[in-house]
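Participant: Could you work out the structure for the sequence below:
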Amino acid sequence: MRLITRADFDGLVCAAILGELGIVKEIFYVHPKDLQDNKIKVTKNDVIAKLPRFTMISVGHSIINRTSNVNVGSLTLQYGGGGHYQVGTCQVNGGEADKIVTEMLQIINQVIF
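Facilitator: As a prediction, the model looks like this:
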């Protein structure tokens, strides 16, 4: 197996431990952004350590302004997540997070205004 990690102390420790245990035979050091932008091909034979591949998006109603009619659970469900009327989360590919947040804001603004 191949370990994909960053070249910092945590990544080096992961490489040392997994190498000593015989779990990985190859170590591939990458920049986290490259993994999020899908510049690194990941296979079923890879182990990923200390690298964010996904971005968690959390959305919720304001506790001060309670006028929103947005069903946040339904909104996040459209992006593979879920929740309740007032709060929800979804986990998306890191490279698509900015685009998805923009889309969500457009939907929220259409319902509010």
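
Participant: Name the helix or strand of the chain that has the lowest mean pLDDT.
Facilitator: helix 32-36 (a mean of 83; mean pLDDT, DSSP states H and E).

Participant: in its sheet, what does the helix or strand just after it sit against?
Facilitator: Next in sequence after helix 32-36, counting helices and strands by DSSP states H and E, comes strand 46-49. Strand 46-49 has its sheet partners listed here by DSSP bridges as strand 2-5 (parallel).

Participant: Show me which positions of the strand it pairs with end up buried.
Facilitator: Neighbour-count burial for strand 2-5 flags 3-5 (criterion: 16 or more other C-beta atoms under 10 Å). For every residue, glycine as well, the C-beta is placed using N, CA and C.

Participant: Contacts for the least confident helix or strand of the chain next, please.
Facilitator: Outside helix 32-36, the residues within contact range by C-beta atoms under 8 Å, 6 or more residues apart in numbering are 4, 6, 40, 42, 48, 51-53, 55, 93-95.

Participant: Now distance to Gly81 and pLDDT too, for those residues, in JSON lines please.
Facilitator: Output for these, formatted as JSON lines (distance: C-beta to C-beta, whole Å; pLDDT from 0 to 100):
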{"residue": "Ile4", "distance to Gly81": "25", "pLDDT": "94"}
{"residue": "Arg6", "distance to Gly81": "27", "pLDDT": "90"}
{"residue": "Ile40", "distance to Gly81": "25", "pLDDT": "88"}
{"residue": "Val42", "distance to Gly81": "22", "pLDDT": "88"}
{"residue": "Ile48", "distance to Gly81": "21", "pLDDT": "88"}
{"residue": "Leu51", "distance to Gly81": "21", "pLDDT": "75"}
{"residue": "Pro52", "distance to Gly81": "17", "pLDDT": "70"}
{"residue": "Arg53", "distance to Gly81": "16", "pLDDT": "71"}
{"residue": "Thr55", "distance to Gly81": "12", "pLDDT": "85"}
{"residue": "Asn93", "distance to Gly81": "13", "pLDDT": "80"}
{"residue": "Gly94", "distance to Gly81": "15", "pLDDT": "76"}
{"residue": "Gly95", "distance to Gly81": "17", "pLDDT": "76"}
